[in-house]
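J.: I'll drop the sequence and a predicted model, then ask my questions.
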There are 2 protein chains.
Amino acid sequence: MDSTARAAAPARLRQQPSWLLTQVAADVHRLVSEAFAAAGRRGYHYRLLAALAEFGPASQADLGRRCGIDRSDVVAALNELAAAGLVARRPDPADRRRNAVVITAAGEADLGRLDGRLADVQEELLAPLAAAERDQLVGLLARLLDHHDRRRTS
Amino acid sequence: MDSTARAAAPARLRQQPSWLLTQVAADVHRLVSEAFAAAGRRGYHYRLLAALAEFGPASQADLGRRCGIDRSDVVAALNELAAAGLVARRPDPADRRRNAVVITAAGEADLGRLDGRLADVQEELLAPLAAAERDQLVGLLARLLDHHDRRRTS
DNA sequence: GGCCCAACGTTGGTCGTACCAACGTAAGGC
DNA sequence: GCCTTACGTTGGTACGACCAACGTTGGGCC
């Protein structure tokens, strides 16, 4: 008998969509965190690198809006990325309030590595679902996210 | 122009199931937290009260397993519930290592109030989905949760 | 041209969820 | 009876998310 075996959760919880979502999200977060931690990074680092690679140099405020990260948290994460040489902060000549943040070659390489690890996690996450079901899930979640995004910014 | 408007997230993120899941979960968590905070409670409190109401008196270790809460976090949450008179801790006569935790009448009443607030949140959460789609989503998430539960305890 | 408001980066906090290690105590298997 | 296991508890960590405040800089408006 495994001493850490899960007992059945209360029905009140089991049938709440919010319970299912947050519990699955906790599992996902654990998987993703482990994968990133093995590379010495965390979620914020990946998000920022991805945004820089896709959109090119950007201000910190822009990065925060694109990645859903608070301005103050962007500062800390970029400090870490800069210390690792994955990113460089230069003053923006066109607007001296801003920093122009650029991804370095080492940053692009790191992003590639993280992408690979993340792909493995998705596979593990969705293992029990067939391809059509995965599409269903993604579609439903995307609609929810879109809906709540709109509400927040209205 | 809203200064806090969301810019488009990187495609790398948008198409990852893990991104959708954790972002929707973050929205859900915010909604649930606000609802519980307005009642002076938080998620752990609801989970524990629900388990006590459904399964009757239980040890703290059992509660932790049923609710997916670490033993040490159960201690703190029960302290708060006990301070509010929603729960009582008595030594278990049958096993002196254990506490027999029981829900009080006030605890049952509080649980009822929280249930109401939580129901409103589910409605807000799933607003954009039709009934059949909600069932789909719940079914898919339940399968994922079940799968990862089994893996963890194997 | 000057004022005022808005945006920017930064500092320094808070909260909730989730873990982990260690301790003393008590129970149970062998 | 010994040794292993479970229990409650303390204290600490990590991470994501958020908020308030400050000084600096830009831009709109009169």
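T.: Yes, it's here.

J.: from chain A, which residue is nearest to chain B?
T.: In chain A, the residue that lies nearest chain B is residue A:25 (3.2 Å; C-beta to the nearest C-beta). Bear in mind the C-beta positions are built from the backbone N, C-alpha and C, glycine included.

J.: for the residue nearest to residue A:114 when sequence neighbours are not counted, what are its contacts?
T.: Closest residue to residue A:114 apart from its sequence neighbours, by C-beta to C-beta, 6 or more residues apart in numbering or on different chains: residue A:46 at 5.1 Å. By C-beta atoms under 8 Å, 6 or more residues apart in numbering or on different chains, the residues touching residue A:46 are A:36, A:111, A:114, A:118.

J.: next one: residue A:33
T.: A:42, A:43.

J.: That one belongs to a helix?
T.: Yes. According to DSSP: H, G, I helix; E, B strand; the rest coil, residue A:33 belongs to a helix.

J.: And the residue nearest to residue A:114, how far from residue B:70?
T.: Distance, residue A:46 to residue B:70, by C-beta to C-beta, to the nearest Å: 27 Å.

J.: what about the helices in chain A?
T.: Assigned by DSSP state H, the helices in chain A fall at A:11-14, A:17-37, A:43-55, A:60-67, A:71-83, A:105-126, A:131-152.

J.: what about the third one and DNA strand C, any contact?
T.: It stands for helix A:43-55. No. Contact of helix A:43-55 with DNA strand C is not found when judged by C-beta under 7 Å from any atom of the strand; the minimum separation is 11.8 Å.

J.: give the contact list for residue A:106.
T.: For residue A:106, the contact set (C-beta under 8 Å, 6+ apart) comprises A:84, A:85, A:86.

J.: possible to save these as CSV with pLDDT?
T.: CSV is the format used below for the contacts of residue A:106 (pLDDT from 0 to 100):
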residue, pLDDT
A:84, 97
A:85, 97
A:86, 98
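
J.: List only buried entries from those residues.
T.: Neighbour-count burial (16 or more other C-beta atoms under 10 Å in any protein chain shown) is assigned, among these, to residue A:86.
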